[in-house]
Structures are given as C-alpha cells and as structure tokens.
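Colleague: next comes the sequence, and after it the predicted model I'd like to discuss.
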Amino acid sequence: MKLHPLITSSFAGLMLVACVHSSYQTGVSANDAVQAFAHIGKQAASEGYQVTTHPDSLHVIYNDATEIAFMVNETPNLVMGVMVDDDGMEPAAVKDTMKKASEKGFEWIEMAKKLMAGGTVAAPAPVTAPAPVTAPAPVTAPAPPMTTCQKLVACQAKLMSDFCAEGGSECQVATMVKIDMSTDDQEGCKIALSAVPGLIQPLIMMKPGYKIPALCR
C-alpha cells in the first residue's frame, strides 16, 4: 500500500490510509489549532519538509514512506498521527522510522507551545570561524662577530665621520689609522686597533667630551 497525503479531519480516515500508524495527544487545545498549524508549518518548511495545510489538519511529508499529521479531532486537543508505509520494510526499520518521526513531531509541538505562550525560539548558534593561525616570526640568525680587521675598518670609518669634513675623502684620521686592505693580517690589525686611542688623542683634545667609539677599543 502506498502512502497518500491525508485530506480528512477524521483520525479514522488516517487509519484507513496508513499501513502502520500511531496517534499521540499533543496537549495543544483544538481552539489554538490555527496558531499551532502556522508555527509548525513554518518551522517544518524551513527545515526542508513538504507541508500541506487544510482547515482542520496539517500534513508534513517526513520521508518517502512517512507522514506526520496534526489534526483537530473530536477530542479537545490536537492529535498527532504518524503513518508509515511498511511495504517492503523490516519491522525494526518501521519501528525506528516511527520513533524518529514522532520525536520530530513533538519537537515542533513544543516549539509551537512556547511561541503561543509568548516565548521565543533560540536562533541557531552562529558558526564562528576559527581564529587565524599566526605564523611564528622568522628567526634571524645572529650576524657573525666582526674580525679584528673588519673592526679596524669600521673604526676608521666612524672616526672619519666624526672628525672629517662632510664629504671629505682626506683628513688626519686617514693618515693616523693605517689600513692595508690587501691583506687580512688579524694580528697586525689587532696591534693597529690597540694603538688607535693614543693616535687620535690630539683630535680628542679639540673635541671636549668626545668618547672613543667601542669599535676603536
């Protein structure tokens, strides 16, 4: 037997159409049927279910073999019916389908009750994007220590900057601190560097308060 949409307000008609069915009291007054149908229909449709509304009933297609119906019956409250077309289904599968569909139906009923009582339904929690992962700062390898000759060259450049006229290429420092760039005699550079403080002493006297740069010590 194939399942067809229900269009009758009588629960007896429901039983005639469905192969396997269950009915449940909802606790929603039949006088509130219009409001309940509106809330349930809107929610079910927003979840992607097919909804059909009649003056005295609301029908939701839960899946290809299952329908959930909310009906005004002879009782003072709305009745929820769940119908499952069990053609070719195992009993365990029918039972599981009935359970899941009825739970979904009661979920909508409770939502409608809350809204009719003036409450609100919480909106889905916003999806928070994961915090960006900050790449670690690149580790810069420390510069290798200066050789004695490199230190001597830097010393001469600093002294020329401090004592020579701007842009000048010749001054007393150039003749005082002798550097032979054609060799890399570390021992010779060490001796020359140690002599710098004494060599530039006459210049320091003309510049009170001047301190010998650390490069020249």
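Modeller: Arrived safely, thanks for sending.
Colleague: how about H59, phi and psi?
Modeller: Backbone geometry at H59, expressed as degrees, to the nearest 10, gives phi -120, psi 130.
Colleague: put the alpha carbons of the lengthiest strand in the chain into PDB.
Modeller: Identified as the longest strand of the chain according to DSSP state E is strand 20-29. Output of strand 20-29 as PDB, limited to C-alpha atoms (Å, rounded to 0.1, in the frame of the first residue of the first chain):
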ATOM      1  CA  VAL A  20       1.200   1.400  10.200                       C
ATOM      2  CA  HIS A  21       0.100   4.300  12.300                       C
ATOM      3  CA  SER A  22       0.400   5.700  15.800                       C
ATOM      4  CA  SER A  23      -1.500   8.600  17.400                       C
ATOM      5  CA  TYR A  24      -0.500  10.900  20.200                       C
ATOM      6  CA  GLN A  25      -2.100  13.500  22.300                       C
ATOM      7  CA  THR A  26      -0.300  16.900  21.900                       C
ATOM      8  CA  GLY A  27      -1.600  18.900  24.900                       C
ATOM      9  CA  VAL A  28      -2.400  21.700  22.400                       C
ATOM     10  CA  SER A  29      -6.000  22.900  22.600                       C
END
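Colleague: ok, it: who's next to it in the sheet?
Modeller: strand 77-84 (antiparallel) (DSSP bridges).
Colleague: what packs against the lengthiest helix in the chain?
Modeller: Once the chain is assigned using DSSP state H, the helix that runs over the most residues is helix 91-116. Here helix 91-116 is seen to pack against strand 20-29, helix 33-46, strand 57-63, strand 66-72, strand 77-84 when contacts are counted using 3 or more CB pairs under 8 Å, 6 or more residues apart in numbering; DSSP states H and E. To be clear about C-beta, it is placed using only N, CA and C from the backbone, and glycine gets the same treatment.
Colleague: can you spell out the domain ranges of the chain, please?
Modeller: Per automatic domain parsing, the structural domains of the chain span 11-116, 148-216.
Colleague: need the pLDDT of the nearest residue to S23 once chain neighbours are set aside.
Modeller: Nearest in space to S23, with sequence neighbours left out and distances taken as CB to CB, 6 or more residues apart in numbering, is G81 at 4.8 Å. Predicted confidence (pLDDT) for G81: 95.
Colleague: who does G81 bridge with?
Modeller: S23, A69.
Colleague: distance of it from Q150?
Modeller: Counting by CB to CB, to the nearest Å, the gap from G81 to Q150 is 93 Å.
Colleague: and these two? Which one has more around it.
Modeller: Between G81 and Q150, G81 has the larger neighbour count (other CB atoms under 10 Å), namely 24 against 15.
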